[in-house]
Structure formats: structure tokens, C-alpha cells
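1. Model the structure of this input:
(chains A, B, C and D)
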There are 2 protein chains.
Amino acid sequence: MSGIADVARQAGVSKSTASRALSGSGYVSDETRDRVTRAAEMLGYVPSTNAQSLSTGRTQNIGVVMPYVNRWFFAEVLEGIQAALLERGLDLTLYDAKPGSDTRERIFESFLTRKRFDGLIAVGLEPEENELDSMLALGKPVVNVVGNHERTSVVTLDDPLTARRATEHLIELGHRRIAFLGAGSRTRWPHVESSRLDGYMQSMADAGLADEATHTESELTLPAGYDAAVELLSDTRTRPTAIVAACDEVAIGAIIAARRLGLHVPAALSVIGIDDHEFAEMFALTTFRQVPREQGAAAVELLMRQIQDPTLAPVIQRLKPRLVVRSSTGPLRSDRAAADATV
Amino acid sequence: MSGIADVARQAGVSKSTASRALSGSGYVSDETRDRVTRAAEMLGYVPSTNAQSLSTGRTQNIGVVMPYVNRWFFAEVLEGIQAALLERGLDLTLYDAKPGSDTRERIFESFLTRKRFDGLIAVGLEPEENELDSMLALGKPVVNVVGNHERTSVVTLDDPLTARRATEHLIELGHRRIAFLGAGSRTRWPHVESSRLDGYMQSMADAGLADEATHTESELTLPAGYDAAVELLSDTRTRPTAIVAACDEVAIGAIIAARRLGLHVPAALSVIGIDDHEFAEMFALTTFRQVPREQGAAAVELLMRQIQDPTLAPVIQRLKPRLVVRSSTGPLRSDRAAADATV
DNA sequence: TTGAAAGCGATACCAC
DNA sequence: GTGGTATCGCTTTCAA
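-> Alright, predicted model coming up:
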């Protein structure tokens, strides 16, 4: 556990010179630098980041706050962030702020205030006003992934656009009875869910299908999507011919439900999702792809810029999705044909 | 951003007294403590953890190394660790060490050596010898979740036992053609996979079914399980009547595959898993439950003890699973009955 | 180009 | 009980 003093002694220079040589800032002759570098290597010198932080005010660490890590989107974003940070030699401190939990409060009230980071990335938090306030009050750059406001930089999928295009895809296939599956009244992601629902509604209205528009509530998970779809599809009289799911997990839940009910996808039911989840391929799900991993990387990029220049104005990056056609959607068939289709 | 000096001044005491009062260690009169506490509150004082660390050598931070965060088991363990740490007021620094990646190397070579933590939890890493060496060389307590060795404390499911009991469950139901799905030759978790396979083998042998024993390789993911199962089940001549899956994701993949192939579960095929994955309920999967979240908490507990007393000998906690019977397993039926079963 | 010395913000030993 | 002071390990003026 040798410190910079040891390195300096070994190299026959002063601490200051050693520091300059190693950190690469300030004037040092090439020869001296060599000597110091060698000495450091010889001694297996590793700088104490604590001491560095104390002295420079920089922690070389980024805080990440998210409500879940055990969900596809979050885990992927997290991996994206992690990779981008490791590349830059930065540490990642994780805060798991479950909505409504008392620990969430503690995270905002006490953990974050310790400011052991140079910047903060909030993922899918859709923070309450006061939470946003306390993050901003830290005086450190903040970037949000998912969401919609002007006070911090944001990286997010263009939700209304995506939902609109998903709906249009089904309309173009001839469907009219198109249901939306996913937004709830007690929703976890008000912005995401409501803006996707809005996109759907608008698209339906534009096509003169406002009367057909209907949505069934479901949490954004596979089992919830399954349950909600069973409910939605059970009534043969009101059964839709196509579903716009708020996300892939819900879509896949719906596909599984359809299979259980003996409804062939897509002959009897078309399903489209949003995400391109890791299971999408397996269920042949047609969907709009977003790549959360890249969103994580983008957030890091944005954050780095803000750390370098804290006066930078907040930026909002609204990502466009790409349609991935698989075989969970197909043209509307006559009722007879659909009914005849085997599972 | 007031420091302890400000608090001291405000309270009319010395820095040392203020420190004692706030940290709760050492003698301070009740009245003084009150005054200091109030002053701190008034000024919104938050101690600089950096300064604290530098001075005490304690970071109040725990490092967590894992190869994935986007998989059920890992995400759950991570959440368990996080919750346990937050409870204790500790930060969590995450290192995502993908197997075989160059960043993995960098994590061990440089990130970990910065020692910005008081202890390390390695999850499902099954570290190479040299990786284990470098973790131990840090001189900080290390706890492994998953794995099997004597050099660090370990929290792990009793894998051979679990696989044995899963196999026995099927044998008791009358099955003889029981296949194992999941272990591979180029396996990611040599210990886990091979010891589960061993448990299966042993159980088959004990029941005089050694000749029937067979295993099909599959990565431990849902899509991989699906593909492997399609392969395994397609040949009607060699098709097993029951499957022991190396984990639930593989088991669920197998169930989905069976459905696609028109095989009723459990009439034509019984499937048992290990995990009690979040999707297990939805697929009515009979499985042996392990609770990764608790394993994370247990690891933290163990680590805390080692931090308090570094001389403690490594402990190995081998967890027993609990059978959760749902309806993916059933008694062996005659071929006729099975063939007649509808999907 | 280099070195001496003053912080950074806490803790902890040792007198009083 | 309380206060002065050295200390943790590094960076960063400021002189030389």
C-alpha cells in the first residue's frame, strides 16, 4: 500500500513532481516522468481515489437511480451505462429506489445528499416534483432516461410517435377493432404509458376509428399482460382482431394468452409491441425496436458533457424506433377464416 | 456546503467535540450533543464521506461484481444486496464483469485495486483462480454467491441435492425416460451446471435408470431452452416423458416448445425446474424454489461479520430448496393416453 | 522544470 | 468532557 510519497522518494523527486508526472498535468521533463512512472510501477502504486476526490472535488463516480433492476428495460439500460462508464474509467454507484418505498425516501433524503458522485443518471424514475428538486439541489448534473420535462437532460423513446406508428401498422393491415393493452389508471410510468395511449388514440381518431378505440388496463409485465389479455379476449362478442400492447412484455403475455384460448396469431389476432424485448424473437413478435443499452450510453455521453461544462442547457434526445416485422401481425381475415384457423 | 468546522463554530465548540457528538463515539455531555446536533441540522450539514474515508479508512461502500445484471437470478440477488446495504446506510458500487470481455480484465486489474469499498460480493462469478487471487489480494473481505471453494465465504443453493430431489420427484411419478436439459460442454457456470447434472445422474443411477439418463445441452436462458427442447422432443422415438431442467428459464422454454409441438404438459410431458422464477406461476411450473433475494441479503450479512472481524474463517452457507408443486408434472401415462391428450 | 507548503474535511490521540 | 493538533493521501498554488 504505497502512497505517492513512496513513489516520489523512490524516483528521487518531490511529491508534487510525482503527482504531476502521474496525473499528466503540468510541466514535467520526459526523463523525470519516465523515472516516476517506473517507480510507480515498481511499487505497484495505486492512487487513493479518496484522497484524490477530497483534494480535487471530483469523485470519478456516477450515481444511477432506478426503480427496478429486475426488468428488461432497466437491466439493459444499466448495462449500457455500466459499459460506457467503465470505458471512461468511472465507477457506478447504484441506488434502487422502489416507488413508494421508505428506502426511496431515504435515498433522496440522505444517500444522494452525500454526493459521492460527479453526476446522476435517473432511469425510468419519472420523479415526483420534490424528488426532481432534491436531485437538482445537489448541484450536480442530472440526466434522465425516460420522461419528459425541461429541467434536466433527457434521453427517451418518442412514445407518442411509436404508439401511433404501431397503431397505423395494424390499420394498414385492415384492422378496425384494435384494442390498446397496458395503460392503467394507477400507472407506474405516467408519462410513458399515457403518451403511448395518447398516440394510439390519436391514430385511431385520425383513421376515423375513434369509436372502436378501447383500452384495457395492465401493468407492464408479462404475467399482467397475460391476465389482462385473457380478460380482453374471453368475450367473443367484443373481442378485437388486433392489439397494440404498451410494451413487449404485455404483448408476449397477450400472445401466450391467445394461444391458451386457441386463437391463432396472427390469423385470429394480430399483436404488436414496443421494445424488441429479448423474447420478441422467440414469440415472433412484430414490434418497434428501442435499444435501452444505447440509451444508457447516450445518457452517459450527455452527462459527461454537462460535467465538463455545467452551464450547458438541458438537452432532450427523443429517439425514433424502428419497425421489426415478424409474424405476430397479419392482414385482417374474415371471421370465418379466423375461426377456422388452427392453433 | 458547510463542513464540520462550521457546525463547531455555530455550536460554540471545537471540531473534535463536534465530530464526537455527531459520530456518537467518545464522551460528550448531553447538552453539548444537543447543541451540536441542532447546529448541524440548522446548517444542513452533511459529512463528506470522502474525508471520513480518508481519515478512518472505511468507505461505507460495498463492491458488487457480477457477470450479468439482465438475468432473473442476478437481478434478484442484486436487489437483495441493495436492500440490505441501504438498510445499513451503505453504498453499492457495481461492476459488471462479462465473462471473457476485456473490461472484465480491467475490472480486476484496475477498478478493484482502487479499493473504494470495505468488502466485495461476487455473484455467480465462479472466478478463475487468478481472479480469485486478485480479489483476495485486495486484503478486503470477499463473499461469493454461487460457487464452491474454501477460500472465501460462499452463499449458494445446494445444487446436487436440488437436482437429485427434482429427479426423484419425477421418478416417484413413475417416469423412466427422464432427460436432463441444460448443462453444456462450454458452460458458463461450471460448478452450478455440472453439479446439477451430477445430482440428476446420481439420482437416475440410484433408481437403476442409469441407462435412461441423457442430457441435452442448452444455455441457461429461455430461448436456448426452447430451441434445445424442440430438438429433444422432435424425435418421437427418443422423446422423454419427463424433463429435469437445469433452471426455470430452460424449463419454461421447454414448456413453450412442448405446446408448439402439440404435446400436452403434463399429460404427454412432465417438466420440472429449479428456481421458482417470476414466470413459473404463469406457466404452472413445478419447481424447486430458491430465493436469490435472500441470498443477496445473506451475503451482506456474512460480509458485515467479516468486516467487523477479518480473522473470521470463511463460512459456506448451502441453502436447501423447497418443492413448489404446480401442474407441469404429473404421473406417467400410457402412450395411448398421452397421445390422446389435447393441447 | 521542480519543490515547499497549504489545503481538502473529517477523525483520533493526547493533554488539560 | 473538551480542545489542540497531527494525520489520512493527494492536488495545487506559488516561489525558486
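2. just so I have it, where are all the helices in chain A?
-> A:4-11, A:15-23, A:30-43, A:49-56, A:72-87, A:102-106, A:129-137, A:159-172, A:190-206, A:222-234, A:248-260, A:292-308, A:335-340 (DSSP state H).
3. With respect to chain B, which of those lies nearest?
-> Chain B sits nearest to helix A:72-87 of all the helices of chain A, at 3.6 Å, using C-beta to the nearest C-beta. For the C-beta atoms, the positions are set from N, CA and C on the backbone; glycine is no exception.
4. Okay, angle between the closest one and helix B:72-87 too, please.
-> Angle between the axes of helix A:72-87 and helix B:72-87 is 70 degrees (criterion: axes from the mean of the first three to the mean of the last three C-alpha atoms, to 10 degrees).
5. what is the rounded mean pLDDT of helix A:72-87?
-> Summarised as a single mean, pLDDT over helix A:72-87 is 97.
6. same check, this time on stretch A:245-264
-> 96.
7. Report whether that stretch contacts chain B.
-> Yes - Stretch A:245-264 lies within reach of chain B by C-beta under 8 Å from any C-beta of the partner chain, at A:256, A:259.
8. Mind listing what's buried along that stretch?
-> For stretch A:245-264, burial by neighbour count (16 or more other C-beta atoms under 10 Å in any protein chain shown) applies to A:245-259, A:261, A:263-264.
9. And stretch A:34-49, by the same measure?
-> For stretch A:34-49, the buried set under the neighbour-count rule, 16+ other C-beta under 10 Å, comprises A:35-37, A:39-40, A:43, A:45, A:48-49.
10. interface residues of the stretch 51-200 of chain A facing DNA strand C?
-> Residues of the stretch 51-200 of chain A lying close to DNA strand C by C-beta under 7 Å from any atom of the strand are A:51, A:54-55.
11. of those residues, buried ones?
-> A:Leu54.
12. and DNA strand D, which of the residues of the stretch 51-200 of chain A next to DNA strand C reach it?
-> Restricting those to those near DNA strand D - C-beta under 7 Å from any atom of the strand - leaves A:51, A:54-55.
13. got those as a markdown table, with pLDDT and distance to A:Glu301 columns?
-> Formatted as a markdown table, these follow (pLDDT from 0 to 100; distance: C-beta to C-beta, whole Å):
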| residue | pLDDT | distance to A:Glu301 |
| --- | --- | --- |
| A:Ala51 | 96 | 29 |
| A:Leu54 | 96 | 28 |
| A:Ser55 | 95 | 27 |
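14. what's the closest of the residues you listed to B:Leu303?
-> Relative to B:Leu303, the closest of those is A:Ala51; by C-beta to C-beta it sits at 24.8 Å.
15. what sits against the closest one?
-> Going by C-beta atoms under 8 Å, 6 or more residues apart in numbering or on different chains, A:Ala51 touches B:Leu54.
16. can you check A:Leu78 too?
-> A:64, A:66, A:69, A:94, A:123, A:296, B:69-70, B:94, B:96.
17. And it, how far from B:Tyr68?
-> Computed as C-beta to C-beta, to the nearest Å, the A:Leu78 to B:Tyr68 distance reads 11 Å.
18. picking up where we left off before, dump the contacts of A:Leu78 to a markdown table, plus neighbour count.
-> Listed next are the contacts of A:Leu78 as a markdown table, based on neighbours: other C-beta atoms under 10 Å in any protein chain shown:
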| residue | neighbour count |
| --- | --- |
| A:Val64 | 27 |
| A:Met66 | 24 |
| A:Val69 | 22 |
| A:Leu94 | 22 |
| A:Val123 | 27 |
| A:Gly296 | 26 |
| B:Val69 | 22 |
| B:Asn70 | 21 |
| B:Leu94 | 23 |
| B:Asp96 | 24 |
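19. Keep only those of those that are in strands.
-> Mapping the contacts of A:Leu78 onto strands (DSSP state E) picks out A:64, A:66, A:94, A:123, B:94, B:96.
20. right, and the last one touches A:Ala83 too?
-> Yes - with contact defined as C-beta atoms under 8 Å, B:Asp96 reaches A:Ala83; the gap is 7.2 Å.
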